[in-house]
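Q: this one's structure only:
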């Protein structure tokens with residue numbers, strides 16, 4: 001689990017693998033809980049970076065950012081900005 005022990009309801013789904021994060025994200029989409037979806041996407045990106053899979057982090061990070069922007073949850077942007085991403089995965093505009 002990301003960051004050790006967690007009390008998040010999806011913590012049992014995650015079980016330290018990407019499939020668990022995708023399952024949790026699907027669950028929150030079905031439940032129409034965008035904030036929780038964004039948090040699980042952010043935690044997925046953090047987990048990918050910690051697993052030295054930073055090149056995969058941009059997708060969940062951008063999904064989380066889009067939701068946080070829509071919800072005006074600006075305090076979460078700092079945490080998003082701390083997610084390391086592979087140089088090859090960063091899109092330069």
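A: Structure's in. What do you need? Note that the coordinates shown come from a computational prediction; the quantities given were computed from them, not determined experimentally. Numbering: from 1, shown residues only.
Q: Please pull up the helix or strand immediately following the lengthiest helix in the chain.
A: The single longest helix within the chain, with elements called by DSSP state H, is helix 34-50. Beyond helix 34-50 in the direction of the C-terminus, DSSP states H and E gives the next helix or strand as helix 58-71.
Q: contacts for that following helix?
A: 21, 25, 34-35, 37-39, 41-42, 44-45, 48, 73-74, 76-77, 80, 83, 85, 89-91 (CB atoms under 8 Å, 6 or more residues apart in numbering). Where C-beta positions appear, they are placed from N, C-alpha and C, glycine not excepted.
Q: Return a PyMOL selection command for the buried portion of the residues you listed.
A: Per 16 or more other CB atoms under 10 Å, the buried members of the contacts of helix 58-71 correspond to this PyMOL selection:
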select buried, resi 21+25+34+37+38+39+41+42+44+45+48+73+76+80+83+85
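Q: what angle sits between the longest helix of the chain and helix 58-71?
A: 150 degrees (axes from the mean of the first three to the mean of the last three CA atoms, to 10 degrees).
Q: By mean pLDDT, which helix or strand of the protein comes out lowest?
A: Ranking every helix and strand in the chain by mean pLDDT, DSSP states H and E puts helix 11-14 at the bottom, with a mean of 52.
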